[in-house]
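1. Provided below for reference: sequence and predicted model.
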Amino acid sequence: MLRRGNVAIDPTLPFRRSILLRCKAAFSSNSVLMWGLSLRKGEYMRRREFITLLGGAAAAACPLRTRAAAQIPVIGSLFAQSAPQWADYIEAFRKGLTDVGFVEGQSVAIEYRWAEGEFHRLPALAADLVNRNVAVLFTGGSIVAVRAALAATQTIPIVFTSGVDPVAAGVVQALNRPNGNATGVTLVNSELGQKKLEILHEAIPTAAKIALLVNRNNPVTTQEDIGDAQAAARQLGLEMLVLDAGTETEIESAFLAAAQHHVAAMMIGSDAFHIARRAQIAALALRNALPTISSTREAVMASELLSYGASHTAMYRQAGIYVARILKGEKPGNLPVVQPSKFELVINLTTAKALGIALPPKLLALADEVIE
């Protein structure tokens, strides 16, 4: 007990007052008093018993009981897409967390921020998560989102997923030792764009003009996709038509332009917006009888013809593992950026039949998965 002059002061009084106010909604003292008064005539409750009852009930109802739960670490999740479009990948991320012992809602919480395809919202969303003092920022789906996170904080650890070279994009200093406050997983491979075009050419050997679908709202990814595709097209002697589409309406317009230019096949760039719009792209490809190749298995599951690339679900699971390791005390700058070690060719044979395409037996034999 402290004293101020001749007055004794209880230093816990403000805290106790605060707790009583917070408990008021969850526990009514009037209800306890009425219960005590309802005892049969002649039956009395000793003061100590009453206080014990009141204290026990309050402990069950008050926030004090949940203080430990409130102190679990919070992950901030920042993505340019919408939640439904990225649901499979976020589930893979949760599995990665679980692999290292973190379960959402039990031992860790996640604050989600989705830009819904509006890239200009990303800086404000990133700043909001930083102001909430999250333990780790998890971001990706677009290098724009990763840069927004980096611009918002230089201290909070960041784990990213990326389809571009994070060193060339200025995200990390080196893949083996990123330094700084960011690390993550990248799908970048210098031969990926060339290999995709080679597979498409092998599937449709008569196609002399190929379209490349890009999104200029994501300039880093677009530049890499165009550079890789044009270099591969020159080697194969193919004509390349670049089509820009950053909205749903523009995707429809791109397919109309492809038809007007008599394009024989289309290569889908690695932009996250196009990955998110895979169902729309697959439907338009079937409607326009246009064979396509993408970089994700999920696109072929949506009825695109071909895909070649590393597993996106594996990438997001690895990101979850990295976030969990950082929550356990590891430094992001000491964790090397993970690169893919395996690329898979997936073919939708049902789509091939719908397009009237007889795929070469050699290509079918090379496929890691054939969907029928």
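-> Happy to help now that I have it. Numbering: from 1, shown residues only.
2. you'd agree Ala314 is up against Ala92?
-> Yes: shown here, Ala314 and Ala92 form a contact pair, counting by Cβ atoms under 8 Å, at 7.4 Å. Every C-beta, even on glycine, is put in place using the N, C-alpha and C of the backbone.
3. could you list the low-pLDDT ranges of the stretch 101-250 of the chain?
-> Residues of the stretch 101-250 of the chain that meet the criterion pLDDT under 70 lie in 189-190.
4. repeat the analysis, applying 80 as the threshold.
-> Scanning the stretch 101-250 of the chain for pLDDT under 80 picks out the ranges 188-191.
5. strands of that one, start to end?
-> For the stretch 101-250 of the chain, the strands defined by DSSP state E, counting those that start in this stretch occupy 109-114, 136-140, 158-162, 182-186, 209-214, 239-244.
6. what helices or strands is the fifth one leaning on?
-> When contacts are defined as 3 or more Cβ pairs under 8 Å, 6 or more residues apart in numbering; DSSP states H and E, strand 209-214 packs onto helix 192-203, helix 219-236, strand 239-244, helix 248-260, strand 265-268.
7. can you tell me the closest non-neighbouring residue to Val337?
-> Ranked by Cβ to Cβ, 6 or more residues apart in numbering and with sequence neighbours excluded, the top spatial neighbour of Val337 is Leu175, at 4.4 Å.
8. the one you found against Val188, yeah?
-> No: counting by Cβ under 8 Å, Leu175 does not reach Val188; the two are 9.3 Å apart.
9. overlap of the contact sets of those two?
-> Listed as contacting both Leu175 and Val188 by Cβ atoms under 8 Å, 6 or more residues apart in numbering are Pro166, Gln339.
10. for the two, indicate the residue with more neighbours.
-> Set Leu175 next to Val188 and count neighbours by other Cβ atoms under 10 Å: Val188 wins out with 20 against 16.
11. now do the helices in the stretch 251-372 of the chain.
-> Secondary structure of the stretch 251-372 of the chain by DSSP state H, counting those that start in this stretch: the helices cover 272-276, 278-287, 297-301, 312-327, 349-355, 361-366.
12. so which of those helices is nearest Leu238?
-> Closest of those to Leu238 is helix 361-366, at 17.3 Å (criterion: Cβ to Cβ).
13. for the closest one, name the packing helices and strands.
-> helix 192-203, strand 344-348.
14. burial count for Ala126?
-> Residues contacting Ala126 under the criterion other Cβ under 10 Å number 26.
15. residue contacts, it?
-> Applying Cβ under 8 Å, 6+ apart to Ala126 gives the contacts Leu78, Arg113, Leu137, Thr139, Ala145, Ala148, Ala149, Ala151, Ala152, Thr153.
16. please redo it, this time with the cut-off set to 7 Å
-> Contact analysis of Ala126 by Cβ atoms under 7 Å, 6 or more residues apart in numbering lists Leu78, Ala148, Ala149, Ala152.
17. ok, now Leu345?
-> With contact set as Cβ under 7 Å, 6+ apart, Leu345 has these partners: Ile199, Tyr308, Leu366, Ala367, Asp368.
18. same check on Asp228?
-> Residues near Asp228 by Cβ under 7 Å, 6+ apart: Gly193, Gln194.
19. partner residues bridging the closest residue to Arg297 other than its chain neighbours?
-> Nearest non-adjacent residue to Arg297, counting by Cβ to Cβ, 6+ apart: Val346, 4.9 Å away. Beta-bridge pairing for Val346 (DSSP bridges): Ser307, Glu369.
20. Val346 and Asp368 touch, don't they?
-> Yes: judged on Cβ atoms under 7 Å, Val346 makes contact with Asp368 at a distance of 6.4 Å.
21. ok, those two, which is more surrounded?
-> Ranked by neighbour count (other Cβ under 10 Å), Val346 and Asp368 place Val346 first, with 23 against 13.
22. burial measure for Leu305, as a count.
-> Other residues lying near Leu305 total 30 when counted by other Cβ under 10 Å.
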